[in-house]
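> sequence first, predicted model second:
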Amino acid sequence: MPPPDEEMRIEAHFEESKIGLVFPSQEALGGFFKEALAHQAFLLRLDQKPEPFVAFAFSAQVANGTSLNFQAVPVQIFNQEGAFETAFQFTDWTAALDHQLESMVQPSRKDGLADKPQPVIVDTVENLGSSPVFRIKEMDAPQRIQLALKADRGERVILCHDTMAPVLVNLLSNPQLDSENVLTIAKSPYASPDILQRVASDRRWLASADIRIALVRNPKTPTPIAQRLLDTLPMNELRTLAKVGNSKEDLRRMALALVMKSQSSR
């Protein structure tokens, strides 16, 4: 174990679903994220049990430094002698966060995010292998494709972020699929036009405004489908889509026309 002053400090506010990670050094922060991003998940030892599958807002910083803000959901929780070893999966990591992270660790960086992963990366527990995050990471493509058909809630949360379209196709055939899973698929850059068309043809999912918005925003959604969904979107979303550069030109024009029509009818 590292000495106390070398450990990452966890500042959890469960009532607000917020967790702060304060690192003793840039090297520690870089080491944590190097390992966590390799797995798209990380473990934290908490003194209170978090609500499973509820998104937590995280901030990560070196003491008195710039904060890196991201979201993650607890997908597996182990009770370990009064503490809760919790596996979190990233939900919103973007290229912009990669750049911000790089700038935060740059002074200590030579090769990769940090020269050596620090001991604060994750807590090791004997049953870590039972966490779906780490278990699914070890599966090959055919295994993930088959799992998608019968995946439970925790497994679906992970598989919805899969980079293979056949996994996403089989998830849509999973009888336990819920609207949060479908929303993730609708936002996925790995969803093919056929997958997005299938989502758009199911009335269960189109009842959700968030899913309709995600379908219109996804550049892989076939244009006729996106156009059909435009006039079902909230006006604030139409105003956003009407702005130059936010969408395909034909969708932008249609969104602008709908906004102008609404304004003229007042």
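Yep, that arrived.

> from here on, contacts and neighbour counts on C-alpha atoms
Noted.

> how much space between the closest residue to L43 other than its chain neighbours and R217?
Of all residues not flanking L43 in the chain, A87 sits nearest, at 4.5 Å (CA to CA, 6 or more residues apart in numbering). Distance of A87 to R217, given as CA to CA, to the nearest Å: 30 Å.

> show me which of these two is the more surrounded one.
A87 (25 against 19; other CA atoms under 10 Å).

> secondary structure class for that one?
strand (DSSP: H, G, I helix; E, B strand; the rest coil).

> which residue ranges make up each domain of the chain?
The chain breaks down by automatic domain parsing into domains covering 4-129, 139-233.

> quick one: closest of these to S262.
domain 139-233 (10.8 Å; CA to CA).

> ok now the closest one, how far from the chain's centre?
14 Å (CA atoms, centre = their mean, to the nearest Å).

> measure it end to end?
Taking CA to CA as the criterion, the two ends of domain 139-233 lie 39 Å apart.

> also stretch 57-67?
So stretch 57-67: terminal residues 12 Å apart, CA to CA.

> buried stuff in that stretch?
57-62, 67 (16 or more other CA atoms under 10 Å).

> what comes into contact with it?
Contacts to stretch 57-67, defined as CA atoms under 8 Å, 6 or more residues apart in numbering, come from residues 17-26, 29, 68-72, 104.

> quick one: residues contacting the most centrally placed residue in the chain.
With distances taken as CA atoms, centre = their mean, T91 lies nearest the centre of the chain, 1.3 Å away. Contacts for T91 were tallied using CA under 8 Å, 6+ apart; they are 71-73.

> make TSV out of the residues you listed and add neighbour count and secondary structure.
Below are the contacts of T91 laid out as TSV (neighbours: other CA atoms under 10 Å; DSSP: H, G, I helix; E, B strand; the rest coil):
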residue	neighbour count	secondary structure
Q71	17	strand
A72	22	strand
V73	22	strand
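
> among these, which one has the lowest pLDDT?
Across the set of the contacts of T91, V73 stands lowest in pLDDT, at 89.

> elements contacting the worst-scoring helix or strand of the chain on mean pLDDT?
Between all helices and strands in the chain, the lowest mean by mean pLDDT, DSSP states H and E belongs to helix 132-137, at a mean of 78. Contacts defined by 3 or more CA pairs under 8 Å, 6 or more residues apart in numbering; DSSP states H and E place helix 132-137 against helix 26-39, strand 68-80, helix 153-159.

> which one of those lies nearest to L206?
helix 153-159 (19.8 Å).

> which SSE is immediately downstream of the closest one?
helix 165-171 (DSSP states H and E).

> just the CA trace of the next helix or strand after that next one, in PDB.
Counting by DSSP H and E, the next helix or strand C-terminal to helix 165-171 is helix 179-187. Extracted as PDB, the C-alpha positions of helix 179-187 are listed here (Å, rounded to 0.1, in the frame of the first residue of the first chain):
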ATOM      1  CA  SER A 179     -35.300   2.900 -23.300                       C
ATOM      2  CA  GLU A 180     -32.000   3.900 -21.700                       C
ATOM      3  CA  ASN A 181     -30.200   1.200 -23.600                       C
ATOM      4  CA  VAL A 182     -31.900   2.300 -26.800                       C
ATOM      5  CA  LEU A 183     -31.000   5.900 -26.200                       C
ATOM      6  CA  THR A 184     -27.300   4.900 -25.900                       C
ATOM      7  CA  ILE A 185     -27.600   2.900 -29.200                       C
ATOM      8  CA  ALA A 186     -29.300   5.800 -31.000                       C
ATOM      9  CA  LYS A 187     -26.400   8.100 -30.000                       C
END
